[in-house]
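Peer 1: output the structure for:
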Amino acid sequence: MEETEQPTHDSAAAAEALDRKHSAMVERLSNRHHSRLSGKPDPSSATSFESTQSFLSQFSQSKSAIESDLTGIRHHSDPTQKPDLESISLQISALEKLVAESSYFLPPFEIRTCLNTIGHLRQTLDDVTSIVIPKKKFSFRNKPSKKTTTAIPPQNDAVFIEPEKKLGFRDLNPDHGFTNRKNELLKKEFNGSDSEIQYGEFTLSDLKGCEVRLKGCLRALFMDKLINCKVYVGVVMGSVLIEGAEGCVFVLGAHQIRIHNAKNCDFYLRVRSRPIIEDCHGVRFAPYCLNYEGIEKDLTEANLGEENGNWENVDDFRWLRALQSPNWSVLPQNERISMVDISNLGNVY
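Peer 2: Take a look at the predicted model:
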């Protein structure tokens with residue numbers, strides 16, 4: 001008899017516990033409903049809400065200040081305002097950094113909206129700069145630069161699929177970069193004697209089976225349509241934007257990195273903000289592994305002297321779920337390349 005009564009007693013206890021949980025849930029929902037009616041925020045979501053509101057307020061104020069400064073410079077065009085334009089460029093970069101650092105709690109829609117706004121601000125800055133400081137007319141130089149390239153063994157060709165959309169690159173400048181190359185070793189050193197491009201922008205476009213070595217500091221790096229390439233870059237003081245890559249290896253140090261339409265690529269990064277990927281598949285990440293004489297000085301000047309672990313804090317704008325994105329992963333330790341040394345570039349142009 002006792003053995004038959006025990007299950008009945010357990011069932012009654014379980015039912016009573018379930019009723020208590022149900023009553024507690026109803027009470028919480030009721031309290032939350034009354035809080036909304038009374039205008040009081042729900043404590044469980046107050047922190048996230050307040051953080052978002054605080055960010056949006058700060059972003060809006062900074063945006064308005066930048067727009068006001070650009071309008072003032074546009075109306076009073078004067079070449080002596082070049083330092084003001086450089087200051088505005090730094091403000092926009094700071095705003096971009098703010099978005100990257102706040103992305104962990106911002107809704108995806110707000111992130112996209114803010115990044116689009118920053119893109120418009122940069123475009124406006126470019127327009128105002130072209131008015132205030134017109135570009136120099138083209139002229140031949142007495143000593144044209146010599147490009148040194150070394151053939152390397154060809155690799156298997158890959159079929160590149162044209163991206164459906166772009167990240168919003170401005171027109172790429174083929175004069176400052178490597179473009180339309182195949183199976184070549186491409187080298188470039190950025191130093192104080194190269195005043196025209198020092199801390200400037202550089203472009204890698206339409207490369208297949210190439211190895212690229214960029215030593216020193218530059219301001220921005222744009223890459224477009226790279227297939228089966230190896231890209232080793234010292235320090236980028238601003239942003240790295242990659243639009244379309246397949247089967248490549250990248251070793252990069254930069255303030256910000258955005259990657260669009262990359263497939264089966266490995267990235268070895270040191271980056272101040274969280275890397276951003278979009279429309280990518282099979283991309284893997286690992287820590288920075290580049291060396292050359294003077295690299296520590298370059299990294300320190302770019303505020304990249306210490307590893308912060310952001311190389312593995314990747315934001316996938318095409319994956320909005322709380323679970324890990326299937327489009328990227330951490331590169332296994334046993335599959336990582338060893339330290340790459342590009343100290344001896346040989347002849348460079």
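Peer 1: am I right that residue 113 is in a helix?
Peer 2: Yes: note on residue 113: a helix contains this position according to DSSP: H, G, I helix; E, B strand; the rest coil.
Peer 1: so where's this structure uncertain?
Peer 2: Within the chain, the stretches with pLDDT under 70 are 1-50, 77, 134-175, 192-200, 322, 345-349.
Peer 1: neighbours of residue 182, how many?
Peer 2: Other residues near residue 182 come to 15 when the count uses other C-beta atoms under 10 Å. (Glycine included, C-beta is placed from N, CA and C.)
Peer 1: excluding covalently adjacent residues, which one is nearest to it?
Peer 2: residue 208 (4.7 Å; C-beta to C-beta, 6 or more residues apart in numbering).
Peer 1: now do residue 78
Peer 2: Leaving out its chain neighbours, residue 78 is closest to residue 132 (C-beta to C-beta, 6+ apart), at 6.8 Å.
Peer 1: any idea how far the one you found is from residue 84?
Peer 2: 9 Å (C-beta to C-beta, to the nearest Å).
Peer 1: shared neighbours, the two?
Peer 2: Here residue 132 and residue 84 have residue 73 as joint contacts, going by C-beta atoms under 8 Å, 6 or more residues apart in numbering.
Peer 1: mind listing the strands for the stretch 201-349 of the chain?
Peer 2: Assigned by DSSP state E, counting those that start in this stretch, the strands in the stretch 201-349 of the chain fall at 201-208, 211-218, 220-227, 230-246, 249-263, 266-271, 276-278, 283-287, 290-291, 315-316, 328-330, 340-341.
Peer 1: can you say which of those is nearest to residue 98?
Peer 2: Across the strands of the stretch 201-349 of the chain, residue 98 has its closest neighbour in strand 249-263 (11.5 Å, C-beta to C-beta).
Peer 1: angle of that closest one against strand 220-227?
Peer 2: Angular relation of strand 249-263 and strand 220-227 on a 0 to 180 degree scale: 70 degrees, by axes from the mean of the first three to the mean of the last three C-alpha atoms, to 10 degrees.
Peer 1: got the CA coordinates for strand 249-263 in CSV?
Peer 2: Output in CSV follows, covering the C-alpha atoms of strand 249-263 (Å, rounded to 0.1, in the frame of the first residue of the first chain):
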residue,chain,number,x,y,z
VAL,A,249,45.7,35.0,-45.7
PHE,A,250,45.8,38.5,-44.1
VAL,A,251,48.2,39.6,-41.4
LEU,A,252,47.0,43.1,-40.4
GLY,A,253,47.3,45.7,-37.6
ALA,A,254,44.7,48.5,-37.7
HIS,A,255,42.3,50.6,-35.7
GLN,A,256,39.3,49.2,-37.5
ILE,A,257,38.7,46.3,-39.9
ARG,A,258,35.6,45.7,-42.0
ILE,A,259,35.3,42.7,-44.2
HIS,A,260,32.6,42.1,-46.8
ASN,A,261,32.1,39.1,-49.1
ALA,A,262,35.2,37.0,-48.0
LYS,A,263,35.3,33.3,-48.4
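Peer 1: what residues of it count as buried?
Peer 2: Of the residues in strand 249-263, 249-263 count as buried by neighbour count, 16 or more other C-beta atoms under 10 Å.
Peer 1: what does stretch 312-328 give?
Peer 2: Of the residues in stretch 312-328, 314-317, 319, 325, 327-328 count as buried by neighbour count, 16+ other C-beta under 10 Å.
Peer 1: isn't there a helix covering residue 96?
Peer 2: Yes: residue state for residue 96 (three-state DSSP) corresponds to a helix.
Peer 1: would you confirm that it contacts residue 118?
Peer 2: Yes: counting by C-beta atoms under 8 Å, residue 118 is a contact partner of residue 96 at 5.2 Å.
Peer 1: which one of those two is surrounded by more residues?
Peer 2: Neighbours were tallied for residue 96 and for residue 118 using other C-beta under 10 Å; the higher tally belongs to residue 96 (22 against 19).
Peer 1: OK, contacts around the more buried one?
Peer 2: Residues in contact with residue 96, defined by C-beta under 8 Å, 6+ apart, are 115, 118, 239, 256, 273.
Peer 1: follow-up on the earlier one: return the set of residues that bridge with the residue nearest to residue 182.
Peer 2: For residue 208, the beta-bridge partners under DSSP bridges are residue 182, residue 227.
Peer 1: how many neighbours does it have?
Peer 2: Number of residues near residue 208 (other C-beta under 10 Å) recorded here: 21.
Peer 1: from residue 252, how far off is it?
Peer 2: When C-beta to C-beta is applied, the distance between residue 208 and residue 252 equals 20 Å.
Peer 1: next: residue 100.
Peer 2: In terms of C-beta to C-beta, residue 100 sits 16 Å off from residue 252.
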